[in-house]
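turn this into a structure:
(one chain, ligands or ions: 2)
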Amino acid sequence: MIEHPGRASLESPPDTRLSDSLLPSEPNGLLAGLAIDSSCCLNPDCDCQQVMLDVRDRASDQRFLVIVPLDQRAPFIQEPRPDGADAVLQELRNHLGKSFWDEAARAYQAAKEYGRRHPWEHLTFERGVLVPYCDLVAPGPEEALEFTCDGQAYLVLDMYCLLPDCDCREVLLDVLCLRPIAPGRSKAEPFAVTYYDFATSRFTPGPAGPLTSHRRHVMAAFLASRPDMKAYLRKRYDDAREIGRRVAQRGGFVDPEPRQPPRTRLLRTPLPANGA
Ligand SMILES: [Zn+2]
Ligand SMILES: [Zn+2]
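Ligands and ions are numbered 1, 2, ... in the order given. As a prediction, the model looks like this:
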């Protein structure tokens, strides 16, 4: 299957749910009036081997979660369990046939594969930390920002702020110089770190200060390395912002670890407000 990785990055999981036809329903029995929704954990590094069924009573809106182990051990209820849930669970168990288990295994594999290609769906992000694009969407090699200038190869890591309520409109570019160390292998060395401001279409100083003229020359070559580079960066920025909104929706931002107070506080010298 060929897909456009950049575009696919924001799709919802297409095939990671059990098809409704395999989820038990009966017109008059205990399961009537229930809505059953399936999901699998998307973290490719988690070997949970289970499918979750979110069982909801349409009338009372009462709900509980059934864990379905893929090794076909009996499904069980994750606490808390409302009244009557055990009887519903028993009825559910009676209805799970071979096609259900086959489909559950397929959906689980599809969920992990989706999670591998869409890391932002299962990662948590520290508030205020810039995130490399390649950590968000696992782009294909054709989307790596590589270019050459004066015969020297460079790799650019483009890093974005994900916070939905922040209006920074810039990307931090971490530029690495690729030094060949063996045929087909190279070592990446820090070369330059700079912001690119979408509002002004200009480079603005990164943590290490303004670019030297040599670095400006190299960064001009970067911008010229594809005809639509400015629009392309802007698209990746827009992708990152959309990802940030979705991460916020599922509560995927965490507060930064509290840092040790700087020793200079002991000197009682007030620091400049901007920390410079
Ligand atoms: Zn898991
Ligand atoms: Zn920001």
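
check which helix or strand the residue nearest to Phe76 when sequence neighbours are not counted maps to.
Distances taken as C-beta to C-beta, 6 or more residues apart in numbering place Ile67 nearest to Phe76, at 5.6 Å, with adjacent residues excluded. (C-beta placed from N, C-alpha, C; glycine too.) Using DSSP states H and E, Ile67 falls within strand 63-69.

got the CA coordinates for that strand in CSV?
C-alpha atoms of strand 63-69 as CSV (Å, rounded to 0.1, in the frame of the first residue of the first chain):
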residue,chain,number,x,y,z
ARG,A,63,-20.8,2.3,31.1
PHE,A,64,-18.0,-0.1,31.8
LEU,A,65,-14.9,-1.5,30.2
VAL,A,66,-14.4,-5.1,29.2
ILE,A,67,-10.9,-6.3,28.6
VAL,A,68,-10.6,-9.0,25.9
PRO,A,69,-7.3,-10.8,26.1
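
by contact count, what packs against that strand?
strand 50-57, strand 76-78, helix 85-95 (3 or more C-beta pairs under 8 Å, 6 or more residues apart in numbering; DSSP states H and E).

who wins for proximity to His214 among these?
Closest to His214 of those is strand 50-57 (C-beta to C-beta; 55.1 Å).

run me through the strand neighbours of the closest one, direction for each.
strand 34-39 (antiparallel), strand 63-69 (antiparallel) (DSSP bridges).

quick check: residues of the stretch 1-150 of the chain near ligand 2?
Contacts of the stretch 1-150 of the chain with ligand 2, taken as C-beta under 5 Å from the ion, are absent.

list, one by one, the residues from the stretch 1-150 of the chain near ligand 1.
So the stretch 1-150 of the chain meets ligand 1 at 41, 46, 48 (C-beta under 5 Å from the ion).

using the three-state scheme, assign the second one.
Translated: Cys46. coil (DSSP: H, G, I helix; E, B strand; the rest coil).

go ahead and confirm Leu157 touches Val171.
No. At 10.1 Å, Leu157 does not count as touching Val171 under the criterion of C-beta atoms under 8 Å.

pick out whichever of the two has more residues nearby.
Val171 (22 against 18; other C-beta atoms under 10 Å).

quick one on the thing from earlier: what mean pLDDT does the strand holding Ile67 get?
Across strand 63-69, the average pLDDT comes to 94.

over to stretch 171-184?
pLDDT averaged over stretch 171-184 gives 94.

please begin residue numbering at 54 from this point
With the count now opening at 54, the last piece we talked about shows up as stretch 224-237.

and Arg238, its phi and psi?
Taking degrees, to the nearest 10, you get phi -130, psi 140 for the backbone angles of Arg238.

near it, how many other residues are there?
9.

name whatever forms a beta bridge with it.
Counting by DSSP bridges, the residues bridging with Arg238 are Ala235.

the one 4 residues further on too?
The residues listed as beta-bridge partners of Glu242 by DSSP bridges are Cys230.

what score does it have for pLDDT?
97.

so who does it touch?
229-230, 232 (C-beta atoms under 8 Å, 6 or more residues apart in numbering).

just to revisit the earlier point, ok, and what's touching the strand holding Ile120?
By C-beta under 8 Å, 6+ apart, strand 116-122 touches 102-110, 128-131, 133-135, 138, 142, 145, 149, 157.

contacts only, for the residue nearest to the spatial centre of the chain.
By C-alpha atoms, centre = their mean, the chain has its centre lying nearest to Trp173, at 0.5 Å. Trp173 sits next to 188-190, 296, 299-300, 305 when contact means C-beta under 8 Å, 6+ apart.
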